[in-house]
Structures are given as structure tokens and as C-alpha cells.
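Asker: how would this look folded up:
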Amino acid sequence: MIKRLILLIALILIGDYFISYSSNYEAMAQERMKFARQQTGDIEIAVVRHATDPTYLNGILLAAKQINQRPGKLIGRSIRIHAETGQPTIEKSMRTIRRIVSNPRIVAVLGHRRSNIAIPASVIYERSQVIFLPSFSTANSLTGHQFKYLFRMMPNTQILAGQQSSVANALGYQRIVILYARDSVSRELAFLFEDAAIKRGIKIIKRASFFRGEDKDYRAIISQFDLAAFDAIYIAADETTGARMAQQLREMGLSQPIIGSDSLAHDSYNQIAGVEAANRTIVPTIFKPNTHSQIQTTFIKQYQKEYGEPPNLKAAQGYDSLNLLATAIAQAESTLGPTLSSTLHYMPAWVGVTGIHAFDQDGELRGKKYFFQVWRDGKLVNLPGIHKFYLLDRFAKGLKAQHGENHPLTNFREVFKRRMHEDDHKTYRLDLAHELIRFKRIGIIYEDTESGRKQAHYYLLKELAKRKNIQMIECQVDLSLSDEKEKEKKLTECYGNLSVNIDALLTPSYYTSAHNPDFIQQLDAALSIYQIPSISIDQHSRTGDASIILNRSTDDISSNESHTMKNIRAYHGLLKNIKIHEFYDQITSLPNIKINLDDLQNDGIPDQPILDISTDVYLH
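Answerer: So this is what the prediction gives:
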């Protein structure tokens, strides 16, 4: 009902234009289809860029350049970008939108940063059969209208609010004040956060709304709760308004941490609020460079070479938007609107530099998640690991939705918060791997000695097999053989015998078979022929050809003591009702999961559990 009302408001906003040109929409769509059927000429894509920030467009131009340099380009054709400058209101944007939809050669449009523009614009693009990938719109009301040509590129406000409430809970916050600007997106986010926080047992002490604006005086609002006991302040507002609110909060002596909407991650928030006032403001981001991610490190290197500076979130989002669209065009082997729309809706999950992407029937984005950062002395500092609590909850919720509420399921969020022996941790990591790919017959290769069994995790797997009613299929190899050729022959025989009887393999530890780890990698890769995923829980495992690698330490919390302390200091002044060493134990105990998505998809593993867990690193 609410989404229908929003759509009606969008039609009112574009009223005269919609009425004047509605008779032309069908003709525009037909012209577009007619041109697409010719399958000739450049593939033309419109980009609505920010008026002063070129980074979103730069990411798209880099992707276009790389695609055009491929031997076959994109279905034998080059990409051509039409860059348009975005406007602050829908009224001022109408001429640009009209120009885009009137060009029958334009296949898709990327951009329109603000939800108040993206929502009404989506109506016009839908009627004109133009694929629309809005870059940064988070409003829930963007989707849900049964549109065929709209595909969200940012996780919506419900996901953001859910993740923020999980962060608040993990940091120990029990009492929160909510402040929000009186625009539809901020209001929606604040209400969703309140609902999510209450479900986690967090008490909302006060809530207040305020008008947007640079010169507003919010002291009267602040004075209503400045004596109340609370742990944190939640602010949903644009960067300018949020900065003024933060500034006045600090001036009136309120030093509690601020949890802010994504707008408060902009540099202008820190500049307007001032470094001291912005300090300890927790904000979301969808792009966090990870040195363990090959796709990210390659992108960062190429972007820096092209533009002389590292990419930011906007550049990464632009890069992903065009590459995702290009992947769909390649799979569809067409730019025909209905064909491309169907491909985007039903194509397998796709991984870009900002994470994993998939779409439901309404074009709602699935899988992608937020990371979190905090403003410290004028810079954004990563908060390592804290996003994973929410993902473990979402993963469990998805499993119960799939298998029923009575499905016996380990409470992974609570389990991994506990301090435990490494062997227990490995058992739970195996348990998590089982829930991800639901194997029933798992193979294990080991040397028939006590130390060989321990190194191969034989006893851990046996315990899990008994608890989960899994069949454990064994193969023994004498790894002490001095003849490498003979040892490789025995290992090959093991792999061959197991491959006809198992649906997963606990890959031998690289330390167990340290004589030739590359050979083990080759054998693991050969399993893909039989559609058998391989699992590694070895703490020191190399990112070889295992389908899933699970270990204990997060990529962000280094085993190097000085690096660890530097990362954990990011949480200084943010924790409440929890001691720093207890929080450190929780963060470092979280599972670090690396997934080879191509392998698992080839093995017939469903995307949904992988989308729910939304791991940070994908292997290639």
C-alpha cells in the first residue's frame, strides 16, 4: 500500500510531463526494440553523473575501456557512453530524462544518485523499456512496483537499518536516541532502524524529527534529552543537515557515539561538522578494499594507473554497474530490452568489486552488504569484522525459511562469539560449510597414524558426521613415502575412488601434504569435473583451488600484534557495557570465509545461502 502511494506521488511529481508524453512511450519502446534487433553499431549507455564529483563516471569509463579492448569486445560491439549531468530535483532532471528515452539507441541508464529523482525517473524508463540501474538510491519504495526494467545497485534502507541495529547491539548499546530529517528517505530509515533495534532488545529513549537545512538551530530539540542516560545517537539525514546536528550535539556536551546514515560518510559531513564533532560517527560503506580479494586489488591497481588516485566507493559502484550490465548483455547475446531484463532477473549471482549481486523479480538487490567505518581525526577508519554478526543472523534466517523453523541449526552468531579451543572452532567451521552446501557424503584423505588423523581433521569431521547424520567416506595414504611419484599416484587413486562416492571433499591440509601442495591444488581443481566442491579449514591454507576456505582470523585482524592493536583501536570510545578484551575475542573469533563462486555454481550449489552469508572474499 505504501509503495503504491509512493508511486502515485512519483507520477504526480512528473505530472505534466507524464501526461504530455505518455502516448509516446510505446512508440519509443518500439523504436528501441527495432534498433536492438539489428544488432549493429555501438552499444550506447547513458550515465547520469554527479555535477562536481567525476569518480562514478570514471569507474564506468574504465570498465568501458577494458571491455572495448577485449578481442571480441561485447557481443562483437563497442560500448559508447553518453554522459549527462545530474540535477538536484526531478523537475530539473526532466529534460535529461526526456533526452535519454527519446534516443532509441540507448540500451540502459546508470546513475541518478538521489531516491527522490530515481523513483519518478524509474516510471519513465519502465514505460520506455530502458534498463535502469540507479547508482545510490536506497529507498525501499524504489522497488516493489512489478517493474521489469529497474535493478537496484545499493542495498535498501531495510538492510541498512538491520545492519546498523546489529552494529549497535554488538557494541553493547542498550539505550539509543533517534534523530531524523523530515524527508521521506531519512524518515523511512529512522523508522526501520527503530523497529530493528527494538527487536534486538535496544530501548529507544527519545526520538525527534527536524527540518533539513544548513543554518538550522537544533538546540531546542537537543535540550529535550541532554540529561537522559543513553549510549548512542542515531542520525538519519543528508550530510549537511547531519553535520549541523552533530556540531550542535557536541557543543551542548553530548559526546556519545553517533550512528549515521550513508550520507554522513561524505567528506562534506566531516568538513561542515568539524573534525572534533565528527569524531566517533559510525557510517556504512559498500566498498572496503581487501588485499585478499584478487578482483579488488586488480581494479584498484588499474584505476590508480588510469586516474592517478585510488578509487572510492562511487568509482567502484560505477565500475560494477557497467560490468554487471555487460555480463548480462553477454549472457543474453542481445541488447533487446525484454531479453536483457529477463537475463538480469534470472542470471546466476555475480561478483564485482563491491560484492555479490543478484536480483529478485522486482529488481530488488540481493546479497550485497554494508561494511562500517568510523570518523577519526578527519579520516574514515575501518571497523573490522563487525558486519559479520548481521550476516550470520541473515544466514540462519535464510536456512530456517528454506528448511523450516524446526531445522536443527547451530546458533553461529552466539557460538563464534565464545572463546573456544581451535579444534572446537574448526568443528563449527565445518558445520557452517555443511549448512552452506548441504553435503551428505564427504570424503577425507589421511595418513593412518594418530598424527595423520589429527592433521587431516579426521576426528573433527567424525564428530560432525555423527551429529549431522553425514556419511564420512575415507581414503588412507602413506604420506611418508620417499618416492614423490608413488605418493602422487596414491593420492590420485584416492581422489579417483572418492569422486564416484562423495558430494564434497575435506581437502588434505597443505601442511599434511607439504611435499607438493601445488599437486593437491591440481587434484582439487579436477574435482570440478565431477561437480564436487572441496572444503579447507586449514588456518594456513593458500587460496588455491578449494571451493570454500574457512579459517578463524578475519582478514582485517592481523596475527601480527602491532597490526592487531592498530585495528582494534578503531573501536576505542565506541564500546559500552563490554570490555575491550571481550570484544576483541568476539571479533577475532568470527569465521573468515572465502568462496569460489564459479566452482560452487558449476557444482550445482544454490546461490541463496551464499547470498545470505555474503562473504568478503571470492576466489577466482
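Asker: so how far is Ser547 from Asp599?
Answerer: Per Cβ to Cβ, to the nearest Å, Asp599 is found 4 Å from Ser547. C-beta coordinates here come from the backbone N, C-alpha and C atoms, glycine included.
Asker: quick one: common contacting residues for those two?
Answerer: In terms of Cβ atoms under 8 Å, 6 or more residues apart in numbering, Asp599 and Ser547 are both contacted by the residues Pro533.
Asker: these two - which one has more neighbours?
Answerer: Taking neighbours as other Cβ atoms under 10 Å, Asp599 and Ser547 compare with Ser547 leading, 29 against 23.
Asker: that one reaches Gln601, doesn't it?
Answerer: No. Ser547 is beyond contact range of Gln601, at 10.2 Å (criterion: Cβ atoms under 8 Å).
Asker: can you show me the helices along the stretch 251-400 of the chain?
Answerer: Secondary structure of the stretch 251-400 of the chain, counting by DSSP state H, counting those that start in this stretch: helices at 267-273, 275-278, 294-307, 313-332, 337-346, 388-403.
Asker: out of the ones you listed, which one sits most buried?
Answerer: Comparing the helices of the stretch 251-400 of the chain by mean neighbour count (mean count of other Cβ atoms under 10 Å), helix 313-332 comes out on top with a mean of 23.
Asker: from the chain's centre, how far out does that one sit?
Answerer: Computed by Cα atoms, centre = their mean, to the nearest Å, the chain-centroid distance of helix 313-332 equals 15 Å.
Asker: then stretch 80-91?
Answerer: Using Cα atoms, centre = their mean, the offset of stretch 80-91 from its chain centre is 26 Å.
Asker: not counting the helix or strand hosting Ile159 itself, show me its contacts.
Answerer: Applying DSSP states H and E as the criterion places Ile159 in helix 157-170. Contact with helix 157-170 is made by 138-140, 176, 185, 188-189, 192-193, 195-197, 199-202, 232, 234, 259, 261-262, 282, 284, 369-370, 372, 383, 386-387, 389-390, 393-394, 586, as judged by Cβ under 8 Å, 6+ apart.
Asker: okay, and Met472 sits in which element?
Answerer: strand 471-476.
Asker: export that strand as PDB, just CAs?
Answerer: The C-alpha coordinates for strand 471-476 follow below in PDB (Å, rounded to 0.1, in the frame of the first residue of the first chain):
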ATOM      1  CA  GLN A 471      28.300 -40.200   5.700                       C
ATOM      2  CA  MET A 472      32.100 -40.000   6.100                       C
ATOM      3  CA  ILE A 473      34.000 -41.800   3.300                       C
ATOM      4  CA  GLU A 474      37.700 -42.400   3.900                       C
ATOM      5  CA  CYS A 475      40.800 -43.000   1.900                       C
ATOM      6  CA  GLN A 476      44.200 -43.700   3.500                       C
END
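Asker: so what secondary structure elements neighbour it?
Answerer: Using 3 or more Cβ pairs under 8 Å, 6 or more residues apart in numbering; DSSP states H and E, the elements in contact with strand 471-476 are strand 441-446, helix 458-468, helix 484-499.
Asker: rank these by pLDDT, which is bottom?
Answerer: If those are sorted by mean pLDDT, helix 484-499 sits at the bottom with a mean of 89.
Asker: the following helix or strand past that helix packs against which elements?
Answerer: Sequence order places strand 504-506 as the next helix or strand after helix 484-499, per DSSP H and E. On a contact count with 3+ Cβ pairs under 8 Å, 6+ apart, strand 504-506 meets strand 441-446, strand 534-536.
Asker: who touches strand 504-506?
Answerer: For strand 504-506, the surrounding residues in contact (Cβ under 8 Å, 6+ apart) are 430, 437, 439, 441-445, 456-457, 461, 495, 498, 524, 527, 532-537.
Asker: just the buried positions in the helix or strand following it, please.
Answerer: Under the assignment DSSP H and E, the closest C-terminal helix or strand after strand 504-506 is helix 517-526. Residues of helix 517-526 classed as buried: Pro517, Ile520, Gln521, Leu523, Asp524 (neighbour count, 16 or more other Cβ atoms under 10 Å).
Asker: perfect, I'm done here.
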